[in-house]
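**Student:** got a sequence here, can you model it:
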Amino acid sequence: MSDFNQPPAAPPPFPSQAPPSFPPAPPGYQQPPVYYQVAASRTSGLAIASMVLGILWIWWIGSILAVIFGHVAISQTHRDPTLRGKGMAIAGLVLGYIGVGTFLLVVIAAAASGTACVRNADDRMHGAR
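**Tutor:** Down below sits the predicted model:
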């Protein structure tokens with residue numbers, strides 16, 4: 001005979017049925033917080049220097065250094081994923097190239113006007129009209 005003091009056996013679960021879950025936590029209790037390890041990131045010093053020198057243009061030497069530092073900083077950010085500052089390096093590159101281009105335009109304009117001034121002065125000295 002069967003023992004009447006034992007609870008009836010649960011029917012076997014269907015193959016598509018999920019296993020039983022745990023009951024929810026009682027009110028007033030919370031799940032413990034989940035902490036994630038975030039990789040420490042740092043900003044490239046060369047990217048900062050590139051942007052600052054690109055902004056300042058210090059007699060166009062700053063523009064040349066901004067271009068050099070910007071290329072090195074972008075190379076560093078590609079190699080090291082924890083290194084930030086690619087946007088600042090690009091800004092420094094753009095400003096540096098604008099400064100170098102402006103410098104070249106000034107040199108070309110000065111050379112062209114200097115040649116014209118020398119030609120005019122030479123014509124005056126030799127009396128050619």
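**Student:** enumerate every residue touching the nearest residue to Arg42 once chain neighbours are set aside.
**Tutor:** Spatially, and ignoring its direct neighbours in sequence, Arg42 is nearest to Leu83 (6.4 Å; C-beta to C-beta, 6 or more residues apart in numbering). For glycine as for every other residue, the C-beta is placed from the backbone atoms N, C-alpha and C. The contact partners of Leu83, taken as C-beta atoms under 8 Å, 6 or more residues apart in numbering, are 41-44, 76-77.
**Student:** can you select the buried ones from those in ChimeraX?
**Tutor:** With 16 or more other C-beta atoms under 10 Å as the burial test, the buried ones among these are selected in ChimeraX as follows:
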select :44,76,77
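**Student:** top helix in this structure by residue count?
**Tutor:** The single longest helix within the chain, with elements called by DSSP state H, is helix 86-126.
**Student:** ok so, going back, just flag the most distant two among the contacts of Leu83.
**Tutor:** Among those, the pair separated by the greatest distance (C-beta to C-beta) is Ser41 and Gln76, at 12.7 Å.
**Student:** just to revisit the earlier point, give the rounded mean pLDDT of the longest helix of the chain.
**Tutor:** If you average the pLDDT over helix 86-126, you get 84.
**Student:** other SSEs contacting that helix?
**Tutor:** Taking 3 or more C-beta pairs under 8 Å, 6 or more residues apart in numbering; DSSP states H and E as contact, the helices and strands that helix 86-126 lies on are helix 45-56, helix 61-79.
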